[in-house]
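*Asks:* Sequence and predicted structure, then a few things I'm wondering about:
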Amino acid sequence: VGGGRGNTASGFSATIGGGQGNTTSGDDATVGGGEGNTASGLSATVGGGEDNTASGSHAIVPGGYSNLAQGDFSFAAGRRAQANNAGCFVWADSNAASFS
């Protein structure tokens with residue numbers, strides 16, 4: 001954990017750059033910053049933003065708000081994007097509804 005407040009890096013070689021309330025529980029997982037983000041998949045990454053989750057293996061959420069990349073090798077960005085399947089790429093707009 002590089003800084004911030006209330007961050008937890010529990011996975012092997014997991015990293016959190018900063019922010020607050022972020023969690024990395026996947027091995028080699030990374031959260032760059034932001035608030036309330038979780039990287040729980042193997043080598044999963046959340047760049048920042050708020051309330052994002054990368055739970056799939058090698059899944060990525062670059063930022064945004066309340067996005068979910070749960071499929072292995074998936075990508076979710078925007079607001080409430082949901083990449084539920086392996087290899088899925090979802091780019092959502094600013095609407096408050098979930099988009100998968």
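*Replies:* Noted; the coordinates are in hand.
*Asks:* so who does residue 50 touch?
*Replies:* Shown in contact with residue 50 (C-beta atoms under 8 Å, 6 or more residues apart in numbering): 34-37, 65-66. Glycine gets a C-beta too; all of them are placed from N, C-alpha and C.
*Asks:* need the strands for this structure, in chain order.
*Replies:* 8-9, 15-16, 23-24, 30-31, 38-39, 45-46, 53-54, 60-61, 68-69, 75-77, 82-83, 89-91 (DSSP state E).
*Asks:* for the first one, packing partners?
*Replies:* Right, strand 8-9. Applying 3 or more C-beta pairs under 8 Å, 6 or more residues apart in numbering; DSSP states H and E, one finds that strand 8-9 makes contact with strand 15-16, strand 23-24.
*Asks:* which residues touch the first one?
*Replies:* When you say that, I think you mean strand 15-16. 1-2, 4, 7-9, 22-24, 29-31, 33.
*Asks:* Pick out the most distant pair among those.
*Replies:* Farthest pair in the contacts of strand 15-16 (C-beta to C-beta) is 4 and 29. Separation: 15.9 Å.
*Asks:* more crowded one of the two?
*Replies:* residue 29 (30 against 17; other C-beta atoms under 10 Å).
*Asks:* where's that one relative to residue 90, distance?
*Replies:* Separation of residue 29 from residue 90 (C-beta to C-beta, to the nearest Å): 20 Å.
*Asks:* and if you look at residue 45?
*Replies:* For residue 45 relative to residue 90 (C-beta to C-beta), the value is 16 Å.
*Asks:* How many residues are close by residue 64?
*Replies:* A count of nearby residues for residue 64, using other C-beta under 10 Å, gives 23.
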